[in-house]
Every structure is written in C-alpha cells, then in structure tokens.
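[1] Quick check, what structure comes out for this input:
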Amino acid sequence: MKMRKIGQSDLLVSEICLGSMTWGSQNTQQEGFDQIDRAKEVGINFIDTAEMYPVNPVKKETAGDTETIIGNYVADRGGREDWIIASKIAGGGNINEDGIHAHNFEARLDETLKRLRTDYVDLFQLHWPNRGSYAFRQNWKFDPSKQPSKAEIEDNMRGVLEVMGEVQKKGKVREFGTSNESAWGMAQWLRLATEMGAPRMQSIQNEYSLMYRLYDVDLSELAVHEDITLLAYSTLAAGLLTDKYKGGTVVPKGSRMDLNGNLGGRVTDRAWPAVAAYVELAQKHGLDPATMAVAWTMTRPFDVMPIIGATSVEQLEKSLDAAELTLSEDLLKEIEVVHRAHPLPF
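    As a prediction, the model looks like this:
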C-alpha cells in the first residue's frame, strides 16, 4: 500500500482510507473489527468516522456508536499510534441542530475523544458548513440567497478557527479539514487561517465518483494551487457501481437501497444506463466494476484519496484490489467517452 501525506501536513496515510459509516447499524462491532483487521493486513492505517455515524439511518440515539466501535477496537488491540483516525463534527440540521460554532466546538470534540478512547484525533473535519451546501443533490436547487450574510459567515469562521488553534495547542487535534464544502467556502477558511495565524484546512471530504464529478472544476483547481487533499466518499456511488442492483431489478435485503430507497437521490432514470455503461466497460477489460471505480479515483490530476466502505470483508476486498490496479490508457479514454455520454446522472 502506497503512503502519502494529507495536504501540507505531516500526516502520513495509506492512499486508501477505510470508511466506517455502517458500523453500528448495518454492521455489528465484530464485523467492524473484522474489516479493520483486514484493512490493516494490506497496509491501511487510515480510518474515517464521524460523530453522526452510523448511517442507514442516522438517528440521534445511535450517533457516536461508530466512534465507540473504533475506540473499542483500539482499546482491545492496542497500537493507537499505528492509526491515523479522522472524525467529523456534525453541522446544523442533523444531530447537531445548533451548527458548528466556537461555543460548542471543543465540547463536541471532547465527546468524540471519549468515544474513540484516545487523547487526540489526527484529522478533525467540519461535516458540512452552517450556511448549507449543494452536497447530497442540493446542487439542483442551490440558492445562496438564503445564506447568512458574508459578515456573519466570516465571524463564525473566525471564532471556529480560534478554537481550532486552541485545541491543537492542547494536543487534542493534529490537523483539520472540511467536508461537503464549496470552493468559495474552502477559500475563505484558507484566507482567514492565514490572516489569523490559525490552523489551515488540509483536506476536503466530498462526494466523488465516476457518476458524480462536481469536484472536477472549481474545487479541483483550488485544491491543486492550495495543496488540499480530496478525501473522496461514495466512490461506488452508494453501491450502484458494484452492479448489485442490476438496473434496479434486484434489491438485496439489508442493502442501502433496501433501507434508503433512492440512495439519497442517486437512483434516477438516467443513473441506470450510466451504471450499465461503466459495468460493461469494466467487464470488457476483465475487471470488477467496483475495483475499476475505486482505482479510477486515484488517476485524477489532483490529490485524491478514496474512502472505501463495505458491509462485509468480501465486499471490502473488491475495493482493496484497487491499490494494486493500474488502469490502461485505453480504458481511461473509454471512461471519458462514457462520462460525456452520461454526465452527472443524479
């Protein structure tokens, strides 16, 4: 497994990150342990979680259970120093209805540390901005006129950045990042951090896959020039790119589509032809479609690390295989042909 650094930080991580959002809902603690064990065997040292996990569904009463599972693993197995653990503080409109502010930042961080049974988190991310975002299909009706004023947004950011500096000095957090953020938002975090001498955002965790490529333009340009790493989630388009749903004709019991219906707006009439085209392409080249999808994210002309997730070790293996796969130039050209024929299908 290749190792690389996040942003301008000294965090040395495996080029593939292990996601954990199903541990505690679709997966038991033991199944989570099994996935971590297998990831470690192939050289992964990077785990991503969040205070709102598990999902499918998100519930206030289960929020934090995934962090607890990871904390139990480290307490049971030892070797905390062997892992780079990333977590996230929830934004407004979810389990944290108050949003992310200077007055609640450290307290929520402390709860995360308690559940993870550790003194520090390596990468602490803002799950989404208080002002809202165009993530999770909100791009189709995005309306920035409903956001707070620029002065209010900046005042909030300054307050959070100040507390970020304080908890970093206390040794509670090594580095920081954002999630579901926009190019403008990330630019403001970077600008204000420079002005204040505060910690910079080293990464951005946004959705990115063969079927969802909003990051390809403004955000990727910002990332290249500002040394920001994309931690790409939903690299398999919530399972669509595995072809397990067979064009919507098969819905395995306990799968995300069984639990969530339209997969957060990803199931559309245009999605199925796109999935079929990518699956056909993978089969043409003798590849598993899931392996191809994850491997493709690591070919992009900007710094990106895929976050892989699964509900079984068997599913995990297909994504892990991407670490050893080099996609041919011919295949990459064919992928672009499919992309042009099926742009942003959800």
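[2] all contacts plus neighbour counts: C-alpha atoms, from now on.
    OK.
[3] Poorly predicted segments of this protein, please.
    93-94 (pLDDT under 70).
[4] for it, what spans make up the helices?
    29-41, 65-77, 102-116, 150-169, 183-196, 218-226, 256-260, 271-284, 289-297, 313-320, 329-341 (DSSP state H).
[5] so the last one versus helix 289-297, what angle?
    Comparing the axes of helix 329-341 and helix 289-297 via axes from the mean of the first three to the mean of the last three Cα atoms, to 10 degrees yields an angle of 90 degrees.
[6] before we move on, what about the longest one?
    With the same axes, to 10 degrees as the basis, helix 150-169 and helix 289-297 are set at 100 degrees to each other.
[7] Centre of the chain to helix 150-169, how far?
    23 Å (Cα atoms, centre = their mean, to the nearest Å).
[8] buried set for that helix?
    Judged by neighbour count using 16 or more other Cα atoms under 10 Å, the buried positions of helix 150-169 are 153-154, 157-158, 160-168.
[9] thinking again about what came up before, select, out of the helices of the chain, the one closest to residue 2.
    Nearest of those to residue 2, taken as Cα to Cα: helix 313-320 at 12.2 Å.
[10] Go through stretch 128-138 and flag the buried ones.
    The neighbour-count check on stretch 128-138 (16+ other Cα under 10 Å) flags 128-135 as buried.
[11] no wait, stretch 20-38
    Under the neighbour-count criterion of 16+ other Cα under 10 Å, stretch 20-38 has 20-27, 29, 31-33, 35-36 buried.
[12] just stretch 6-14 next, same as before
    Using 16+ other Cα under 10 Å as the test for burial, stretch 6-14 gives 6-7, 9, 11, 13-14.
[13] What of stretch 218-233?
    By neighbour count on 16+ other Cα under 10 Å, the buried set for stretch 218-233 is 219-220, 222-223, 226-233.
[14] With only the CA atoms kept, save stretch 186-199 in PDB.
    The C-alpha trace of stretch 186-199 is given here as PDB (Å, rounded to 0.1, in the frame of the first residue of the first chain):
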ATOM      1  CA  MET A 186     -12.700  26.500   1.400                       C
ATOM      2  CA  ALA A 187     -11.100  29.600   0.000                       C
ATOM      3  CA  GLN A 188     -12.500  31.600   3.000                       C
ATOM      4  CA  TRP A 189     -11.200  29.100   5.500                       C
ATOM      5  CA  LEU A 190      -7.700  29.300   4.000                       C
ATOM      6  CA  ARG A 191      -7.700  33.000   3.700                       C
ATOM      7  CA  LEU A 192      -8.800  33.600   7.300                       C
ATOM      8  CA  ALA A 193      -6.400  31.000   8.700                       C
ATOM      9  CA  THR A 194      -3.500  32.800   7.000                       C
ATOM     10  CA  GLU A 195      -4.700  36.200   8.300                       C
ATOM     11  CA  MET A 196      -5.100  34.900  11.900                       C
ATOM     12  CA  GLY A 197      -2.200  32.500  12.000                       C
ATOM     13  CA  ALA A 198      -4.700  29.700  12.700                       C
ATOM     14  CA  PRO A 199      -4.600  26.100  11.600                       C
END
